[in-house]
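>>> Give me coordinates for this.
(2 chains, ligands or ions: 1)
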Amino acid sequence: MTSTLDGFSALLLYSAMGVYAIAFIAFTLDLARRSAAVTAVAESGAERIARARATGGYAGSARGSTAVLDQAPAVTAPRPRESVSLRVGVTLAILGWALHLGATVLRGIAAGRVPWANMYEFCMTGTLLIMGVFLLLLTRRDLRFLGAIITGLVVLMLGVATLGFRVSVVPLPPALQSYWLVIHVLVAILGTSFFTVGFALSVVQLVQARRENGATGGLRLPASVPGSVALENSAYRVIIVGFIFWTFTLIAGAIWAEHAWGRYWGWDTKEVWTFIIWTIYAGYIHARATRGWRGSRSAWLAIVGYSAVLFNFGIVNVFFKGLHAYSGL
Amino acid sequence: MSRSSEVARPSDHIESDSIDAADPVGPRLGPIGWLRFAWRQLTNMRTALFLLLLLAIAAVPGSLVPQRSSDPNGVAQYRIDHPDLYPIVDKLQGFDVYTSIWFSAIYLLLFLSLIGCVLPRTLHHWRALRARPPRTPARLTRLDAVETRMVDGSAEDALLRAEALLRRGRYRLERYGPSISAERGYLRETGNLVFHASLVGILIAVALGGSFGYSGQKIVVEGEPFVNYVAGYDSFTRGRLVADTSLDPYRISLDKLDVVYEEENANAVGQAIDYTASVTVQQPGGGPSTPATIKVNSPLDVDGTNVYLLGNGYAPRITVRNADGAVAFAGAVPFLPQDQNLTSVGVVKVPDGLASQVGLIGFLYPTPAKLSTGALTSAFPGLQDPVLALNVFTGDLGLDKGVPVSVYTLDTASLTQLAGRPTDVPAVQVAVGQTVELPNGLGTITLDGVSRYASLEIHHDPTQGWVLAFAILVLAGLLTSLFVPRRRMWVKVHEDGDGRLRVEYAGLARGDDPGLAVAVRELADEHSGGAASAQIRASRTT
Ligand code: HEM
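Residues are numbered from 1 along each chain as shown, chains lettered A, B, ... in the order given. This is a model prediction of the structure:
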């Protein structure tokens, strides 16, 4: 019974991965198509200015020409039509999420407990919540330009999970038999999901800032992507939600450690990394309020913080020795 | 308009107008000036940020190198594996990162900076809480969010209605001529201050806990008692301010340790799924004894100490008799588990009563199985016809030198081995209830049975409740400071002479405030649409 259900769960998960992968392609196509459109518009704007210059229209006014350059895409770009691939991407992401949800719930039923007690399950539920948070945020603001990054990350993580971390259902060891498993780990996953969206926003922010600073070449973004300041504000808002969840994770983890191991804090490797991540994000929040640190520098801090999150999960769990030996590997 | 007038913020805070962070005057000042300069440097945002990131980096090595506090065996192993690196890492306090001078220096500086930052802000905030909202700026149109509406009626009416609306939005108000200045969200700064102050609270509580707390481990075999006094522990660590007499000498007897192993799930046969220790607690001075249970995630609270069940193992009950049948040794000997299936190793030392001193190294196989090599192994952690195999040594056990020796190891260097590999005499094997001859006619050994033991940890931390309280305050402060918007609003009524009123509504965000523009628009709509809505609609259609 257990292994049959678990088999179904795995099947659903593979389907979800397939659907996400197609969604990823759709989102990427959309980005490529729309940025090509932007490039064309920008060039035609530049051409017009060159023509205007040649005819003496702007009399070599540097200020004037920048102003026009700034405006050119906005003025002449027709409001980019909603591309089909964008809608396909979102639809597939939702479909994939439904399959993913089914896979996770079945795994939980097969195990007779919450589906986040080892790394495989943690990845499964974690990516479910990453997608969930992303789709939820979509209902509040248009973050579809993040679709490619998010679906790409999720497919990658699920790939690693199914290839590297997959374990069959086993009962919980006594140390994990606690309601704190439900609370502490769930909140940690939630925090991670918000950090993931914040990371994606910060990456786009950096790319956008480069473009605004007049860098040519490299990645191009569609015109509908907000400016770097707006991106930074969104990233900040998403990350502080993640930070609050993370603070709670830290406190709940300490309470649980006190119950299970007889001390609330012992600098176990996992505790160390949770602390490091917390400190980096506290730094990020400070950076946003420090003169000279707003903008790209704080975006880099968000990226460093997220790298620490990934390191904590992917490397510390598997390769470092410590009390948190729950990877199930 | 000076933004730094009511919020004391470090000079390089993004909202601060002051530029003295870049003030190059410092070096020309006298000693006091220097001190002030240094203090200002220490308490600015950039320093805080730098120290925070430095703290994050400084915490990394402790996860790469084993730490004495959490993994002493790992440190010993490191010494063997890296004999060249060991002294260097040790010198750099790499095995005690979190109590090292450099780590402590960073967090102490950070907290000094924090205190230096928070104290003046608290003072300022205290004053701001009783100050009036600031004057209405002359030109509202230059603010972050502005709306204008035409309203009918008298100016006083309009102002009164605006005041009512703002009061409903929990703003504090002040009338300045034909305008209202309003401010809300003081809770944001309060939350921020509570957050930072509680961090200091945690640090102090943790430090005090370290001085007044103690913890110790004790292995207790089923049927045996443990008494809570310093010499009663196998290992004991205590804070500087813990006296011998501060331990409460209660007694805990381990009546039974029940362990449940998975037997059905083929992927997890033998995995422990439950430990339950049944104990009897007796208060000091012949008080009442009460039965209780201890489980892995539910410690037992006795007189302000917590008793945890941290480990378990087997203790074979062994009797050794000499050739004449007189008992030379009898007792339960805790063995240390070596693998998942609880193959366990232990040492029995018999200094007296036999023809010579005898040391035994025993291997307990709870559920014995034969490997293809013929060697024994254990196939399941539960007890199913357990077998004890013993290597036998004679000679001077070295117990009389007055040097403490571990009960779990036998120094065989100066001993003669009589049985067990690599000698030709096979190890002595004994099953439960059996009595077997020892070699050389030394006597006999009987395995009377196998008991379980529990490894208990007793912890006393008088400030742990305080740490929790401050941690909750940290979270509460964080929530308020990040989600309560702090903003100013102004409503200004202009009588332009055509009988109608032109009303300006303006808002200014203090800190991150995504809802500002919406709030200003809603205020404007509600105010202009309220009593005078009919007229306005009428005037719009004409
Ligand atoms: C243990 C060290 C510190 C930690 C973990 C920390 C953490 C934080 C966090 C999480 C926030 C955002 C939440 C809130 O506003 O309450 C914050 C805000 C702030 N912190 Fe700290 N902090 C530390 C030390 C300091 C120090 C030393 C200073 C002074 C130089 C400082 C000044 C501030 C200020 C001014 C803000 C408000 C930022 C804003 O306007 O958005 N903090 N801090």
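>>> Please list the residues of the stretch 51-200 of chain A that sit near chain B.
For the stretch 51-200 of chain A, the residues found near chain B under the criterion Cβ under 8 Å from any Cβ of the partner chain are A:Ser168, A:Val169, A:Val170, A:Pro171, A:Leu172, A:Pro173, A:Pro174, A:Ala175, A:Gln177, A:Ser178, A:Trp180. Any C-beta I mention is one placed from the backbone N, CA and C, and that applies to glycine too.
>>> Let's see if you can find the most crowded of the residues you listed.
Comparing those by number of neighbours (other Cβ atoms under 10 Å in any protein chain shown), A:Val169 comes first, having 24 neighbours.
>>> In contact with that residue, which residues are there?
The contact partners of A:Val169, by Cβ atoms under 8 Å, 6 or more residues apart in numbering or on different chains, come to A:Thr2, A:Ser3, A:Asp6, A:Arg107, A:Ala110, A:Ala111, B:Asn265, B:Asn267.
>>> Show me which residues of chain A sit near the ligand.
Taking Cβ under 6 Å from any ligand atom as the criterion, chain A approaches the ligand at residues A:Ala282, A:Ile285, A:His286, A:Ala289.
>>> and stretch B:44-57, anywhere near chain A?
Yes. Remark: stretch B:44-57 sits within contact range of chain A at B:Met45, B:Arg46, B:Ala48, B:Leu49, B:Leu52, B:Leu53, B:Leu55, B:Ala56, by Cβ under 8 Å from any Cβ.
>>> For chain A, which segments count as helices?
According to DSSP state H, chain A carries its helices in the segments A:2-54, A:62-76, A:84-111, A:119-138, A:147-160, A:179-180, A:186-212, A:228-261, A:269-288, A:296-311, A:317-319.
>>> What residues of the third one count as buried?
Counting neighbours by 16 or more other Cβ atoms under 10 Å in any protein chain shown, one finds that the buried residues in helix A:84-111 are A:85-86, A:88-90, A:92-93, A:95-97, A:99-100, A:102-104, A:106-111.
>>> And it, what does it pack against?
Applying 3 or more Cβ pairs under 8 Å, 6 or more residues apart in numbering or on different chains; DSSP states H and E, we find helix A:84-111 packed against helix A:2-54, helix A:119-138, helix A:147-160.
>>> Give me the spatial nearest neighbour of A:Val170, chain neighbours excluded.
If you skip the residues right next to it in sequence, A:Val170 has B:Ala268 as its closest partner in space, 3.7 Å away by Cβ to Cβ, 6 or more residues apart in numbering or on different chains.
>>> out of the helices and strands packed on helix A:84-111, nearest to A:Gly198?
helix A:119-138 (10.2 Å; Cβ to Cβ).
>>> Next, the buried residues of that closest one.
Buried residues in helix A:119-138, defined by neighbour count with 16+ other Cβ under 10 Å: A:119-134, A:137-138.
>>> Please export the C-alpha coordinates of it as CSV.
Once non-C-alpha atoms are left out, helix A:119-138 reads as follows in CSV (Å, rounded to 0.1, in the frame of the first residue of the first chain):
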residue,chain,number,x,y,z
MET,A,119,15.8,15.8,1.9
TYR,A,120,13.8,14.3,-0.9
GLU,A,121,10.5,15.3,0.7
PHE,A,122,11.9,18.6,1.8
CYS,A,123,12.8,19.4,-1.9
MET,A,124,9.4,18.2,-3.0
THR,A,125,7.5,20.4,-0.6
GLY,A,126,10.0,23.2,-0.8
THR,A,127,9.7,23.5,-4.6
LEU,A,128,5.9,23.2,-4.2
LEU,A,129,5.9,26.2,-1.9
ILE,A,130,8.3,28.2,-4.2
MET,A,131,5.9,27.7,-7.1
GLY,A,132,3.0,28.3,-4.8
VAL,A,133,4.4,31.6,-3.5
PHE,A,134,5.3,32.7,-7.0
LEU,A,135,1.8,31.9,-8.3
LEU,A,136,0.3,33.6,-5.3
LEU,A,137,2.3,36.7,-5.9
LEU,A,138,1.2,36.7,-9.5
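>>> so what secondary structure elements neighbour that helix?
In this structure, helix A:119-138 packs against helix A:84-111, helix A:147-160, helix A:186-212, with contacts taken as 3+ Cβ pairs under 8 Å, 6+ apart.
>>> Using a markdown table, please lay out those together with distance to B:Tyr171.
Output for the helices and strands packed on helix A:119-138, formatted as a markdown table (distance: least, Cβ to Cβ, whole Å):
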| stretch | distance to B:Tyr171 |
| --- | --- |
| helix A:84-111 | 40 |
| helix A:147-160 | 39 |
| helix A:186-212 | 31 |
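>>> Check the helices of chain A for me: which has the lowest mean pLDDT.
Mean pLDDT values for the helices of chain A show the minimum at helix A:62-76, a mean of 33.
>>> can you list the residues of the stretch 201-350 of chain B near chain A?
The stretch 201-350 of chain B comes close to chain A at residues B:206, B:215, B:262, B:265, B:267-268, B:271-275, B:295-299, B:306, B:308, B:310, as judged by Cβ under 8 Å from any Cβ.
>>> any weak-confidence spans in chain B?
Per-residue confidence for chain B (pLDDT under 70) gives these ranges: B:1-8, B:15-28, B:530-542.
>>> Which residue does the stretch 101-250 of chain B have closest to chain A?
For the stretch 101-250 of chain B, the residue positioned closest to chain A under Cβ to the nearest Cβ is B:Ser215, at a distance of 7.0 Å.
>>> who does the strand or helix carrying that residue pair up with?
For B:Ser215, the host element (DSSP states H and E) is strand B:214-221. Under the criterion DSSP bridges, strand B:214-221 sits next to strand B:235-238 (antiparallel), strand B:443-460 (antiparallel) in its sheet.
>>> can you count the residues close to the residue of the stretch 101-250 of chain A found nearest the ligand?
With Cβ to the nearest ligand atom, the shortest gap between the stretch 101-250 of chain A and the ligand falls at A:Phe243, namely 6.5 Å. Around A:Phe243 sit 24 other residues, with neighbours defined as other Cβ under 10 Å.
>>> Check the one 4 residues further on too.
A:Thr247 has 21 neighbours, counted by other Cβ under 10 Å.
>>> Hmm, it is touching B:Ile472, no?
No. The pair formed by A:Thr247 and B:Ile472 falls short of the contact definition of Cβ atoms under 8 Å, at 10.6 Å.
>>> that older thread, quick one: which of the helices and strands packed on helix A:84-111 is nearest A:Phe320?
Of all the helices and strands packed on helix A:84-111, helix A:119-138 comes closest under Cβ to Cβ, at 13.1 Å.
>>> roughly how far out does that closest one sit from the chain middle?
With Cα atoms, centre = their mean, to the nearest Å as the basis, the distance from the averaged C-alpha position of helix A:119-138 to the chain average is 10 Å.
>>> Can you check what angle separates that helix from helix A:186-212?
Orientation check (axes from the mean of the first three to the mean of the last three Cα atoms, to 10 degrees): helix A:119-138 against helix A:186-212 gives 60 degrees.
>>> Which single residue of chain A ends up nearest the ligand?
A:Ala289 (3.5 Å).
>>> Also the stretch 201-350 of chain B?
With distances taken as Cβ to the nearest ligand atom, the stretch 201-350 of chain B approaches the ligand most closely at B:Leu203, which sits 8.4 Å away.
>>> Next: the stretch 51-200 of chain B.
Each residue of the stretch 51-200 of chain B has a distance to the ligand, by Cβ to the nearest ligand atom, and the smallest belongs to B:Cys117, at 2.9 Å.
>>> okay, now that residue: neighbour count?
For B:Cys117, the number of neighbouring residues by other Cβ under 10 Å comes to 22.
>>> hmm, the lengthiest helix in chain B in reach of chain A?
Of all segments of type helix in chain B, defined using DSSP H, the longest is helix B:101-130. No. Helix B:101-130 does not reach chain A (Cβ under 8 Å from any Cβ); its nearest approach is 9.6 Å.
>>> Give me the buried stretch members for that helix, please.
Of the residues in helix B:101-130, those scored as buried under the neighbour-count criterion (16+ other Cβ under 10 Å) are B:103, B:106-107, B:109-111, B:113-114, B:116-118, B:121-122, B:124-125, B:128.
>>> and after the strand or helix carrying B:Phe37, which helix or strand comes next?
Taking DSSP H and E as the definition, one finds B:Phe37 inside helix B:31-42. Per DSSP H and E, helix B:31-42 leads on to helix B:45-59 as the next helix or strand towards the C-terminus.
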